[in-house]
Each structure stands twice: as structure tokens, then as C-alpha cells.
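[1] only geometry, no sequence info:
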């Protein structure tokens, strides 16, 4: 699909839109509930729709304004990037969160996106346990603290706070720190699940000490009830699309968890116990349970000032779809059952909100941070070409070795190689008086001829705009933030990706500019919006400006999207 420039995404009919939301709707929402389903590829809602209950995804699809062809317009389709784009309405080239992990060339060390040594966690023993953590980007961080300081733009939640002198209550909850912190923005309160501590935690950026309700929730230790239990199928296997798709060797073999149902959680003292919970529907269920606790204890949706409604904001990012997709692949029995269980979790959440706030008083928006590729093993059985790529092999390439010999470089030329970036050893190049721009260009030229690589972009070519004028390159440019982007950016061929999670070879890894990674749903529901399905292409940068237009407030500072007209009219 050819993307038009941002300004032309807006239909001409939007020019005629003059009715503000406060006139088109009887009242403003008491609560804005923003839901992000991590790794919910855009086609999956249709794939499983016949199995959904009436009150979960079906409520959103039938009663909401459903944009089936929403796409991210950046190339690095990773968790922090997508969440921040949904929050800011901006591309990574301006909001700055270019990837889950980037390499600081001055400090010569990796930077985890939401790390902040100035703001330590409030819980003891809650830092990332690198020995048992399966998320390689979190393992790379040497800093315990967390905050939104690296987000270089305002979010919708920030603008909501600024619009009414801080009267709105703003919260965000997720299993992942980067899933909560990004949507809470700079002004809200964020909570995430620590696998090390087995509880929801925050940092002193948000609180000096936990409110009593947080302490009570954690002290109750609700995850202990899952000890020595298992993830079982919700229905008989024959009722699933992938009911016969169990024992395949492309699934990741987590020790003690297995690749067929039932999946055992094991005892609570198992170092992988909390990890197993997140690689299952339980991760989403406990996230929703904690979010309900946030609503109750902060009286969200019942806020007023001078007898006027004050809109509160709650973001919930559900992470299990992502973890399950990585480990088992998006076309697996595990991924299918997990989504059906998430449907039930959403139905319960919506029922809770209806009872306590009223769905007619709540504006719900659902989207995803990225999609996902199929596991190569799944595709190759149908004759579709797909494979994993060995990033470490590039240093050994004969042409790279020839360049090293020419430049008299001993040892490694690549200081690190993390999908999609390669960074060269600047000190070694300087010692041999090799200009960095020349080195990055020549290495990129070599990599452009490597099988499995679609295109390699050098830093200086992206910086100067000396690149092809095509859709893929535009997405790469939208992901380019000079102080955080690597020396060379790699775009792999479709259905080719690096599957190595720091030694753990996983089934599926997103992060590309291809359609399966950019395609996500956007749905607005509640507030008596009239249900309709929209098939025209829209962009995820449109979501935050739409929320801002609904509230008649400033759009986030770097937003490039435009309000979606169907949501704004009666």
C-alpha cells in the first residue's frame, strides 16, 4: 500500500467538520480507557471473531467505530515504539523512543528505553533478574530505576493534565514497564509487574511511597494462587482453528513449560514461575485485576470540579499476546486460546466499568503497538519462504573481513549488532584514520548484497536524506532519531528475522516495516458512538489527535496525525 503524505491522510470531507465533540455528544466522558493489546496483528480479530463472547471484542467490533486498516508508519515495530506513537501521535523521529534498546555512542553502553538511574523502584528486589529474564532488552539494562524522561514529546495524557490544571486523574498499568510508562506520560502514575518481586511496582518518579491500596494488593500475593496449577485449554481442542497444531518444533522450548497443553506453572519458588504466568492468559487477567483496583481506590470516572465533569484517564496494556506470540508463534493453539481468554478478560473489565461508571460515560479506544510475523516453520510447511537470520554471522562475511584488512582493523569491527542496528567501533576506525561516514557507507554497501537483507542504510545517508524515495525508506526515516539511531540500519526481507533472544531461539520476532508488523486495529467505542466498520487506511499517529479533538484540547506537542472524522461526528 502506498502511503500518502501525512496531510493527505485526512479526507477532504473533514474540512467540512465543524461540530465540536461537546456539541455532538451530550456530555464529555467521565473516563477515557485506552487499551493496547501487545502484538495484536490487525487480522486476528476477524480470524477468531466467531469464537468471541458478546461482551468483549464483539462489543468493540459491533458497537464501536472499527478501523480495520490501521498501520504504524515507522519501521522499528517494537513495544516501546508503538506505545509511544499511540501516546504522542508522533513518529519515533520526533518522540525519540526509536527502539526497545539503543546504543549510547558517547557512554559506549546500551540504553533500555525507560531506564532512569535517578528514580529507583519503590519495591525491594524488584529489579530485572538478568539470570532468569527472557526479555533480552530488559536484561541489557544495568539501571534499576524507571521514568518517562527519554520520551521527547508530550502525550495525550500530558495534554489532558495540562488542559485542566491537573484535575484529571491519570494512570497506566501493564505487565511491561515500557507498556505503562509510555501511556502514563510525564504527568500520570504508572504501574507494571515485576517478575522478580511477583508484584506490581512503580518508581519514585511517581510516588515517594506506595499508597496503602498498592501495598495491600501486593501483600495479598494473588499470584500465589497459581502455584502448582496449569494453563489448560478453555474448550476441547477440536473446536479451535489450530486444535491440531500442538507439537511443532518451531515452538520455543521453555524449560519446564513444554510446547503442548497443559502448560505447568510449577511451584511459586520456581525462578521461572512469574515468567510462565506472563506467557499465558494469567498475565492479562492479573493486569485487569490490578487495573480494577486502580479504578476503585482512586474513584476514577467520578471526578468533578465546580459541578462539571472532569475526565479521568486509564491506560491498560495487555502483554500476554506478545509473550505467547514470541514463544509459540501467532498461529498456534496457545496464541488462539490466549486471545479467547483475553476476550473474556475484556468482557469482565467492561462489565466492571459499566457497573461502576457506565459504558455510556466511558470512551474506550483499543489498538496495538505492532503486529507479528508468522513462525518460519509454520509458513514453510505451505511452501512459503521464511527463515531466521544469524546476525552474528555478518562480522564473518568475507567482504567485511576484506574491509577490515584494508582498514587494518584487528578484532571486531562491530561493537554490537542488535536488530535492526549495527554499530561500528568508532575508536578503532579513528585510530586507523578511517572516516566514519566512509566506513558506514562501505559496510552498508557490502550488507546490501547479503542474502536475507532487503536493504542496509548508513547513518550518514539517512541523516542527509540521500536515500531512495519509497514507502519502506519513509518508514525507516520516520524511525530515525540521530542521537539514538545506530550506524547502519538493516531491513530484512519479508518473513526473515533475527530470532535469538540472547541465546533463547524464539518462534517469532516483530520489528520490521512489513505489513504483518505494521497492521493493527483501531477501535473507538462507548459514549453511545454509532457502530461502523471503516476499511480505508488510517495511521496510528491519528489516535492521539483524535482523543485530543474529542476533548477539545491541544494535541500532543509533536503529533503529526489528524483526527479521525467518523469519531467526531454524530
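    That came through, no problem. Remember, it's a predicted structure, so these values are computed and weren't measured experimentally. Residues are numbered from 1 along each chain as shown.
[2] Okay, and the residue nearest to residue 338 when sequence neighbours are not counted sits in which element?
    Nearest residue to residue 338, sequence neighbours excluded (CB to CB, 6 or more residues apart in numbering): residue 324, at 4.6 Å. In short, each C-beta sits where N, CA and C put it, glycine included. Secondary structure from DSSP states H and E places residue 324 in helix 320-328.
[3] Run the chain-centre distance for the helix or strand that that helix is followed by.
    Downstream of helix 320-328, the first helix or strand assigned by DSSP H and E is helix 333-356. Chain-centre distance of helix 333-356: 19 Å, with CA atoms, centre = their mean, to the nearest Å.
[4] Can you check what angle separates helix 333-356 from helix 320-328?
    170 degrees (axes from the mean of the first three to the mean of the last three CA atoms, to 10 degrees).
[5] ok, the most centrally placed residue in the chain - contacts?
    When CA atoms, centre = their mean is applied to the chain, the residue found nearest the centroid is residue 79 (2.7 Å). Residue 79 makes contact with 38, 100, 176, 178-179, 322, 369-370, according to CB atoms under 8 Å, 6 or more residues apart in numbering.
[6] cool, residue 222 as well?
    Contacts of residue 222 (CB under 8 Å, 6+ apart): 286, 289.
[7] likewise the one 10 residues further on?
    Contacts here follow CB under 8 Å, 6+ apart; on that basis residue 232 touches 261-262.
[8] what about residue 390, neighbour count?
    When neighbours are defined as other CB atoms under 10 Å, residue 390 has 12 of them.
[9] Quick check: the gap between residue 370 and residue 237.
    Separation of residue 370 from residue 237 (CB to CB, to the nearest Å): 29 Å.
[10] out of those two, which sits in the more crowded spot?
    Using other CB under 10 Å, the more surrounded residue of residue 370 and residue 237 is residue 370, with 28 against 14.
[11] and the spatially closest residue to the more buried one that is not a sequence neighbour, helix, strand or coil?
    Residue nearest to residue 370 in three dimensions, not counting chain neighbours: residue 77, with 3.8 Å by CB to CB, 6+ apart. Secondary structure assignment for residue 77 (DSSP: H, G, I helix; E, B strand; the rest coil): coil.
[12] Contact partners for residue 120?
    So residue 120 contacts 144-145, 203-204 (CB under 8 Å, 6+ apart).
[13] Kindly recompute the last result at 10 Å.
    126-127, 143-146, 203-205 (CB atoms under 10 Å, 6 or more residues apart in numbering).
[14] For the stretch 251-400 of the chain, just list every one of the helices.
    273-278, 281-298, 320-328, 333-356, 376-380, 398-407 (DSSP state H, counting those that start in this stretch).
[15] which ones are touching the closest residue in space to residue 155 that isn't next to it in sequence?
    Leaving aside its chain neighbours, residue 155 sits nearest to residue 185 (3.5 Å; criterion: CB to CB, 6+ apart). For residue 185, the contact set (CB under 10 Å, 6+ apart) comprises 84, 87-88, 148, 151, 153-161, 170, 172, 313, 315, 556.
[16] Try it again at 8 Å.
    87, 148, 151, 154-158, 161, 170.
[17] In JSON lines: these, plus distance to residue 251.
    Converted to JSON lines, those look like this (distance: CB to CB, whole Å):
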{"residue": "87", "distance to residue 251": "33"}
{"residue": "148", "distance to residue 251": "35"}
{"residue": "151", "distance to residue 251": "35"}
{"residue": "154", "distance to residue 251": "41"}
{"residue": "155", "distance to residue 251": "36"}
{"residue": "156", "distance to residue 251": "38"}
{"residue": "157", "distance to residue 251": "37"}
{"residue": "158", "distance to residue 251": "41"}
{"residue": "161", "distance to residue 251": "44"}
{"residue": "170", "distance to residue 251": "39"}
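[18] So which of those residues belong to strands?
    residue 170 (DSSP state E).
[19] Out of the contacts of residue 185, who's the most crowded?
    residue 155 (33 neighbours).
[20] Roughly how far does the residue nearest to residue 370 sit from residue 558?
    Residue 77 is 19 Å from residue 558, by CB to CB.
[21] More neighbours: which of those two?
    Per other CB under 10 Å, whichever of residue 77 and residue 558 has more neighbours is residue 77, with 29 against 18.
[22] hang on, the earlier thing: which residues does the helix holding residue 324 contact?
    37-40, 79, 175, 251-252, 254, 259, 278-284, 332, 334-335, 338-339, 342, 372, 501, 506-509.
[23] What does the pLDDT read for residue 17?
    pLDDT, residue 17: 39.
[24] ok, now the one 10 residues further on?
    At residue 27 the predicted local confidence, pLDDT, stands at 80.
[25] I'd like the distance from it to residue 451, if you could.
    Distance from residue 27 to residue 451, by CB to CB: 59 Å.
[26] Which one of those two is surrounded by more residues?
    residue 27 (11 against 8).
[27] Quick check, that one in contact with residue 308.
    No. Counting by CB atoms under 8 Å, residue 27 does not reach residue 308; the two are 10.0 Å apart.
[28] so what's residue 124 up against?
    Taking CB under 8 Å, 6+ apart as the test, what residue 124 contacts is residue 197.
[29] Give me the phi and psi for it.
    Torsion angles at residue 124 (phi, psi; degrees, to the nearest 10) stand at phi -70, psi 150.
[30] now it: how far from residue 347?
    36 Å.
[31] And residue 468, by the same measure?
    47 Å.
[32] Name the residue in the two with the higher neighbour count.
    residue 347 (18 against 12).
[33] What about residue 566, how many residues nearby?
    Neighbour tally, residue 566, other CB under 10 Å: 19.
[34] That one contacts residue 65, correct?
    Yes. Between residue 566 and residue 65 there is a contact at 5.1 Å, judged by CB under 8 Å.
[35] Overlap of the contact sets of these two?
    532, 534.
[36] what comes up buried for stretch 301-319?
    In terms of neighbour count (16 or more other CB atoms under 10 Å), stretch 301-319 has its buried residues at 301-303, 310-319.
[37] Residue 506 is in contact with residue 252, isn't it?
    Yes. Using CB under 8 Å, residue 506 is in contact with residue 252, at 4.9 Å.
[38] Looking at those two, which is more packed in?
    Using other CB under 10 Å, the more surrounded residue of residue 506 and residue 252 is residue 506, with 24 against 20.
[39] dump the residue contacts of the more buried one.
    252, 326-327, 499.
[40] For ChimeraX, write a command that selects the buried ones of those residues.
    The buried residues among the contacts of residue 506 can be selected in ChimeraX (16+ other CB under 10 Å) with this line:
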select :252,326,327,499
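[41] quick revisit: just the buried residues of the contacts of residue 120.
    Neighbour-count burial (16+ other CB under 10 Å) applied to the contacts of residue 120 gives 126-127, 143, 145-146, 203, 205.
[42] residue ranges with poor pLDDT in the stretch 201-350 of the chain?
    Counting by pLDDT under 70, the stretch 201-350 of the chain contains low-confidence residues at 245.
[43] if we go to 90?
    Along the stretch 201-350 of the chain, the model assigns pLDDT under 90 to residues 244-249, 305-307.
[44] same check, this time on the stretch 351-500 of the chain
    392, 417-419, 500.
[45] sorry, back to before: widest-spaced pair of the buried residues of stretch 301-319?
    Pairwise distances across those peak at 29.6 Å for 310 and 319 (criterion: CB to CB).
[46] quick one, phi psi at the residue nearest to residue 370?
    phi -90, psi 80.
[47] That one: what's it in contact with?
    369-371, 510-513, 517-518.
[48] Neighbour-wise, which one of those leads?
    Counting by other CB under 10 Å, top hit in those: residue 369 with 30 neighbours.
[49] ok, and the closest non-adjacent residue to it?
    residue 82 (2.8 Å).
[50] Just give me the neighbour total for that neighbour.
    31.
[51] sorry, back to before: could you identify the most distant pair in the contacts of residue 506?
    Applying CB to CB across the contacts of residue 506, the maximum distance is between 327 and 499, 11.2 Å.
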